[in-house]
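Peer 1: Sequence first, then the predicted structure:
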Amino acid sequence: MHKLLIGAEEIPEIIRAVAQKIVDAGFAGDCVLVGIQQDGVPLSEKIADAIAGIAGERPLLAKLDISMYRDDIGKMRRLPLIRETEIPFDINDRELILVDDVLSSGRTIRAALDAITDYGRPALIRLAVLIDRGNPEYPIRADFVGRRIELPADRRVAVRFAPDDAPGVYDEPWIERHPETKE
Amino acid sequence: MKNLLLKNARIIDPGRGLDTIGDLGVADGKIVDPGKVSDPQTIDLSGKVLSRGFIDLHVHLRQPGNTNAETVKTGCMAAAAGGFTSIVAMPNTNPAADTAGAIELLRSTAARDGVVHVLPCGCMTNGGKGEEMAAIGSLKSAGVVALSDDGRCVQDHALMRHIVEYAKYFDLPILDHCEDVALAAAGVMHEGKWSVLLGMKGISGASEELMIARNVILARQIRWKIHMQHVSVKESVELLRDARQKGIMVSGEATPHHLTLTDECVTHFATTYILNPPLRSEEDRQALLDAVADGTITVIATDHAPHTRTAKLVEFDHAPFGIIGLETAFPLCYSELVKSGRMSLPSLISRMTQGPAEVLGIKDYTLDEGNAADLVVIDPEATYAIDASRFCSKARNTPFDGREVSGRIEMTIVDGKIVYAR
Amino acid sequence: MQWNRKDLLELYDLSAEEIELILDTAAEFKKVSQRRVKKVPALRGKTVVNFFVEPSTRTRVSFELAEQRLSADIINVQTQASSLLKGESLLDTIKNIEALRVDLVVMRHSAPGAQAFIARHLNCGIINAGDGAHGHPTQALLDIFTIREKLGAVKGLNVTIIGDILHSRVARSNLWGLLKLGANVTLAGPSTLVPREFESVGVKVCHNLEDAVADADVVNMLRIQHERQTIGFFPSTGEYSRFYGLKAETLKKMKPSVLVMHPGPINRDVELDSDVADGDKSVILEQVTNGLAVRMAVLYLVAGCVKK
């Protein structure tokens, strides 16, 4: 049913590559990495560590839950559970980098843009992802991409970080580990 | 009408202390010697119980006033299906049966539409409002067998005293709904653990107990019959037991629902469980079962109270009180009292025949030859689930649909005519 | 943990986990109200009817604002039980409202169980905003939210609720919620208004104020209704206040960390001295703030389970 696409041992390397691209673009300690709940949050921490390793300074971190901003409320069997949003500073005129594990349809990022701008008016927003599936439904592109993976639309790319959860990047059918059944 | 020869039945006749296998003849509407029935239709009743038909002292027929819920015709059919051959029609119709004219209307309607005997009951007070004494003498002349303000209770003790004194002269027993209105406090369920936990207005048991005590005093003082309708609490039973031991002319009835259900049923707010008196605690229920078994309570009465689905499809607080009971009375009581080993079948039959007959002053309510052939045939072995969709009553407001019970009414005969056969 | 209910009727229906889920969700919604933009599109395109068959200002305003902050469309219906009795039945009225493609009905009614009755017959979600003396789950949730926010866990806390417990839906809902979360509950007030039957669910019943509050971590003072006096439950509000009002000198003898709560509206100097109501132990206005977050959370969770 599910197939390992990228082994756990390769993930730190991809994260470093993303961090390098961010630093190359001129961002480092003065930017904010905004991890999108749920899997963007641990990823943002790892990227921040990598940036610290490369540039010597660590960006600020924030967490963003986009459940309240989704465009598929009422279409889903159930509403997603709301997780913590933590933006411990003023984001006005700051440079933000949204971080998520996979860029798929672009809908999550659309919701994240709505959500984050309700907290203030950032100077600019960029997007960093570990995996880009390259089949956006909305006109949204990532600025910093770790790996591009093309899969049929009925398959899902799943990234697992937790050591007790067989870490790696997987090719899965949609139904498996879907947010509705995950709890 | 064919003559009948009922063969091989277990004949139970508590009035004569009879419980035997035998035959019974019916000719010209009367019970006759089975050896002397000419050209009978023979019915083999092996394994079945044959008794004098049940009397229900407490039935609401809803005609006139609420014929969407029940009529004399459908109520009588329901009675027949429940094994009842005589039913006492409560006077709280709309308008109330507080005049001779109303009683005559009921009698003529019953003569036309009814398949069982409808015994009219008149109001004690005009409109059943508890304010002025009704024309009791005229009611008697029109044919009432008893007086009641059922649904309400005369709060004015002096007025009640006068009613009992006056009724005594006309030989009319009082059937009283015992409820002190102030203590009942517009409640909708039993005041106890569940009303407190649910935040619902409770009807205190004291509200019944107080009026039973009042009635015991009046019955003693006036030496006349006061029958306590739908006794529901333990303390009422104790008052009744004590009074009867002293020879005071009081009696009491228990309903099948108070014998089988408790206030815990209300926890889901289903309006089938709104009753007055309300379903009481398990302790009360056990006291009632004991009282029926030991003869403190001599009458099982249904308080058959039909309501339309619409009337019950409202908030609990706004729903009308009552459930239907004619078609479920016997199996419920048989399962709860006889099958459980609490009392014998002849004793239960006595509570549904002899007991109510005594309250009404009917003498010799037995299977003696010459008596009216008002009979019921019971299958004591049948075990089944109650199916409300097959009821003869117009109403369906019963909490017992689907309940597993034992004991089934097989046939009901009124004046020698088979009015119900399963 | 997943939320599975299209209705919120009473807290005794819920598990401790479900209550915690509401509170956790409410914590996130509380942040929304602290932002520059106090609104989220979570219920955009959903219609909520606030159906109040009993007058209410506080609860209705709180629900209405919660709905607005979730971007729902709102209709307010205010009626009286008496007018419902005369005309269309409650069920027909609500079915007509549902036929307008409404997603949620927030309902207050004077009859216990009215919402449970309606919920059995409808597809849209029902939120109980108070049913007689039976329940007021969102009030209890906001009370518990406030306790949890101020004191950490609820488990093991001594919570004393004081007042007309007999007629109080707030007391009952709090009781169920607090018991589920492991608090020790004491109910206190005049013997006519605090029936002993409550002991059957494992709470303490007490008729002496000082005993009731001695070990309390939280005291929740209920509003005393003047009309109870007229039907003989206690002699006068003056006497009530003397024996069951919370005064500054009593407060001094209590735990320094105690929280003083009140569901409002306060009868100042009857159940609560003004000094106490406005003092540093009082969290009464925070309860109001938290009510908004809790109602947003409940609306959000319940809306997610309403079938289209």
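Peer 2: Looks like it came in fine. The shown structure was predicted, so the numbers you read here are calculated from the model rather than taken from an experiment.
Peer 1: Stretch A:89-107 spans what distance, first to last residue?
Peer 2: Length of stretch A:89-107, first residue to last, Cα to Cα, to the nearest Å: 26 Å.
Peer 1: and if you look at stretch C:38-55?
Peer 2: 28 Å.
Peer 1: Next, see if it gets close to chain B.
Peer 2: No: counting by Cβ under 8 Å from any Cβ of the partner chain, chain B has no neighbours in stretch C:38-55; the shortest distance is 9.0 Å. C-beta coordinates here come from the backbone N, C-alpha and C atoms, glycine included.
Peer 1: Of all the residues in that stretch, which ones are buried?
Peer 2: Neighbour-count burial for stretch C:38-55 flags C:40-44, C:46-54 (criterion: 16 or more other Cβ atoms under 10 Å in any protein chain shown).
Peer 1: among those residues, which are in reach of chain A?
Peer 2: C:40-44, C:46.
Peer 1: And chain B, what are its domain boundaries?
Peer 2: B:4-49+B:371-421, B:53-360 (automatic domain parsing).
Peer 1: With mean pLDDT and mean neighbour count as new columns, can those be given to me in a markdown table?
Peer 2: Output for the domains of chain B, formatted as a markdown table (pLDDT from 0 to 100; neighbours: other Cβ atoms under 10 Å in any protein chain shown):
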| stretch | mean pLDDT | mean neighbour count |
| --- | --- | --- |
| domain B:4-49+B:371-421 | 97 | 18 |
| domain B:53-360 | 97 | 22 |
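Peer 1: and these as a markdown table, adding distance to chain A?
Peer 2: Shown next, in a markdown table, are those (distance: least, Cβ to the nearest Cβ, whole Å):
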| stretch | distance to chain A |
| --- | --- |
| domain B:4-49+B:371-421 | 33 |
| domain B:53-360 | 26 |
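Peer 1: mind giving me a markdown table with those domains and columns for distance to C:Val218?
Peer 2: Listed next are the domains of chain B as a markdown table, based on distance: least, Cβ to Cβ, whole Å:
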| stretch | distance to C:Val218 |
| --- | --- |
| domain B:4-49+B:371-421 | 41 |
| domain B:53-360 | 21 |
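Peer 1: what about these, which gets the closest to C:Phe198?
Peer 2: Smallest distance to C:Phe198 across those (Cβ to Cβ): 6.3 Å, for domain B:53-360.
Peer 1: For the residue nearest to C:Ser89 when sequence neighbours are not counted, what is the enclosing helix or strand?
Peer 2: Closest residue in space to C:Ser89, ignoring its immediate chain neighbours: B:Val314 at 5.8 Å, by Cβ to Cβ, 6 or more residues apart in numbering or on different chains. Using DSSP states H and E, no element contains B:Val314; it sits outside every helix and strand.
Peer 1: pretty sure B:Val314 is touching C:Leu90, no?
Peer 2: Yes: the pair B:Val314 / C:Leu90 is scored as a contact, 6.5 Å apart, by Cβ atoms under 8 Å.
Peer 1: State the distance from the residue nearest to the spatial centre of chain A to chain C.
Peer 2: Nearest to the mean C-alpha position of chain A, by Cα atoms, centre = their mean, lies A:Asp100 at 0.3 Å. Distance, A:Asp100 to chain C, by Cβ to the nearest Cβ, to the nearest Å: 19 Å.
Peer 1: Can you tell me the SS state at that residue?
Peer 2: Taking DSSP: H, G, I helix; E, B strand; the rest coil as the rule, one finds A:Asp100 in the strand state.
Peer 1: who's it bridged to?
Peer 2: A:Val129 (DSSP bridges).
Peer 1: for it, what are its contacts?
Peer 2: Neighbouring residues of A:Asp100 by Cβ atoms under 8 Å, 6 or more residues apart in numbering or on different chains: A:35-36, A:39-40, A:43, A:108-109, A:112, A:127-130.
Peer 1: In strands only, show me these.
Peer 2: Judged by DSSP state E, those include A:35-36, A:127-130 as members of strands.
Peer 1: Which pLDDT value goes with residue 102?
Peer 2: Picked chain A for this. pLDDT recorded at A:Val102 is 94.
Peer 1: To clarify, I was referring to chain C.
Peer 2: Value for C:Val102, per-residue pLDDT: 95.
Peer 1: what's the distance between it and C:Ile94?
Peer 2: Distance, C:Val102 to C:Ile94, by Cβ to Cβ, to the nearest Å: 9 Å.
Peer 1: And for stretch A:157-175, what's in contact with it?
Peer 2: A:1-8, A:11, A:39, A:42-43, A:46, A:101-102, A:104, A:130-131, A:133, A:147, A:149, A:151, A:154-156, A:177, A:181.
Peer 1: chain center to it, what's the gap?
Peer 2: 14 Å (Cα atoms, centre = their mean, to the nearest Å).
Peer 1: Run through the neighbouring helices and strands of the longest helix that chain A contains.
Peer 2: The longest helix of chain A (DSSP state H) is helix A:40-55. In this structure, helix A:40-55 packs against helix A:11-24, strand A:32-36, strand A:60-64, strand A:95-103, with contacts taken as 3 or more Cβ pairs under 8 Å, 6 or more residues apart in numbering or on different chains; DSSP states H and E.
Peer 1: Next, the angle strand A:60-64 makes with it.
Peer 2: Between helix A:40-55 and strand A:60-64, the angle comes out at 170 degrees (axes from the mean of the first three to the mean of the last three Cα atoms, to 10 degrees).
Peer 1: ok, how many other residues are close to the spatially closest residue to C:Asp273 that is not a sequence neighbour?
Peer 2: Closest residue in space to C:Asp273, ignoring its immediate chain neighbours: C:Lys247 at 4.9 Å, by Cβ to Cβ, 6+ apart. Here the number of neighbours of C:Lys247 (other Cβ atoms under 10 Å in any protein chain shown) works out to 15.
Peer 1: Output the ones next to chain A among the buried residues of stretch C:38-55 as CSV; include the columns pLDDT, secondary structure and distance to C:Pro265.
Peer 2: What follows is those, written out as CSV (pLDDT from 0 to 100; DSSP: H, G, I helix; E, B strand; the rest coil; distance: Cβ to Cβ, whole Å):
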residue, pLDDT, secondary structure, distance to C:Pro265
C:Val40, 93, coil, 29
C:Pro41, 92, coil, 33
C:Ala42, 91, coil, 30
C:Leu43, 92, coil, 28
C:Arg44, 89, coil, 33
C:Lys46, 92, coil, 30
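Peer 1: I figured B:Gly205 hits B:Glu283, correct?
Peer 2: No: with contact defined as Cβ under 8 Å, B:Gly205 does not count as touching B:Glu283 (10.2 Å).
Peer 1: contacting residues for A:Val34?
Peer 2: A:40, A:44, A:61-64, A:87, A:96-99, A:112, A:116.
Peer 1: Now with 7 Å, please.
Peer 2: Applying Cβ atoms under 7 Å, 6 or more residues apart in numbering or on different chains to A:Val34 gives the contacts A:44, A:62, A:64, A:96-99, A:116.
Peer 1: Please apply the same query to A:Leu4.
Peer 2: Applying Cβ under 7 Å, 6+ apart, the residues near A:Leu4 are A:168, A:170.
Peer 1: Tell me which strands the helix or strand it falls within pairs with, and in which orientation.
Peer 2: Assigned by DSSP H and E, A:Leu4 belongs to strand A:3-7. The strands beside strand A:3-7 in its sheet (DSSP bridges) come out as strand A:168-173 (antiparallel).
Peer 1: Cool, thanks, talk later.
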